[in-house]
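Colleague: here is a sequence with its predicted model. Questions after.
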Amino acid sequence: MILALNDLWDLALKDEEIFEIGKKLGADVPFFFLKKSARAQGIGEILSEFKINLDMKILLVNDGTAISSNFVYKRLKDYGTVETEKIIKGLEDSDKSIVKDFKNVMEDVVYENFPHLLDIKNRLENFGASKALLSGSGASIFAVFFDEDQINKAYQSIKDDYKFVERVSLIDD
C-alpha cells in the first residue's frame, strides 16, 4: 500500500523513508519493501541482501489454523542457534545439502500446541521434500523440493486436503 501510494501520489519517497514508515507499521514490513532475498536482523529493519543460487521448488500449505505470534513468543524458552552465515553461503554457492540446516526455533512450541501441523510437515517430507518447516510463528508450512516430479505429486495429493496449497516462487526467480 505504501509503495502504491508513493507511486500514485508521486511522492518520490526514497527507500530509506519508505523503510522508516514500514518500521512503524511492523517489524517485518521493511523486508517486504526490498523484494529480494535478505537476512533480517534487529527487529527486521536491518537488511542484508544475498542471492539464492539454488533451484528450489517451494510448496506452501496452510490449513486455516490461526496462531498468534504473541502466543508462540510467550512460550518460547530457547531461541537456539541458527548458522545463518553458513546457510547464506550455501544458498549463494548452490549447495543443496544446506537445506538440512534450515531451522525454525518456534516449531517446538507450535507443534506441541497444534500437533496437526506437525502431521502436515511430516506428510510433506514423506512426499520427498528435502525440508519442510513452519513459516515464522505459523501456521503456514513450506516444503523445499528439488525434484519437479516430487513436488507435483505432493501438490496433486494434498491440494484438496487443506485451505491453501500452492506452489510458490522465490523472489529472486
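Modeller: Received, thanks. Numbering: from 1, shown residues only.
Colleague: now the helix or strand containing residue 47: buried residues?
Modeller: With elements taken from DSSP states H and E, the one containing residue 47 is strand 46-49. For strand 46-49, the buried set under the neighbour-count rule, 16 or more other C-beta atoms under 10 Å, comprises residue 47. Just so you know, the C-beta spots here come from the backbone N, C-alpha and C atoms, and that holds for glycine as well.
Colleague: what packs against that strand?
Modeller: helix 29-34, strand 38-41 (3 or more C-beta pairs under 8 Å, 6 or more residues apart in numbering; DSSP states H and E).
Colleague: run a quick neighbour tally on residue 147.
Modeller: The tally of other residues near residue 147 (other C-beta atoms under 10 Å) stands at 13.
Colleague: one more: the one 5 residues further on?
Modeller: Residue neighbour count, defined by other C-beta under 10 Å, stands at 15 for residue 152.
Colleague: grab the nearest non-local neighbour of residue 148.
Modeller: residue 57 (6.7 Å; C-beta to C-beta, 6 or more residues apart in numbering).
Colleague: so how far is residue 158 from the one you found?
Modeller: Going from residue 57 to residue 158 by C-beta to C-beta, to the nearest Å gives 15 Å.
Colleague: out of those two, which sits in the more crowded spot?
Modeller: Neighbours per residue (other C-beta under 10 Å) separate residue 57 from residue 158, with residue 57 holding more: 22 against 17.
Colleague: so what pLDDT did the more buried one get?
Modeller: The score at residue 57 is 97. That number is its pLDDT.
Colleague: flag the shaky bits of this structure, pLDDT-wise.
Modeller: Along the chain, segments meeting pLDDT under 70 span 172-173.
Colleague: mind running it again at 50?
Modeller: Filtered on pLDDT under 50, the chain yields the residue ranges 173.
Colleague: domain ranges for it, per the record?
Modeller: 1-49, 52-169 (the TED database).
Colleague: which of these has the highest mean neighbour count?
Modeller: Comparing the domains of the chain by mean neighbour count (mean count of other C-beta atoms under 10 Å), domain 52-169 ranks first with a mean of 16.
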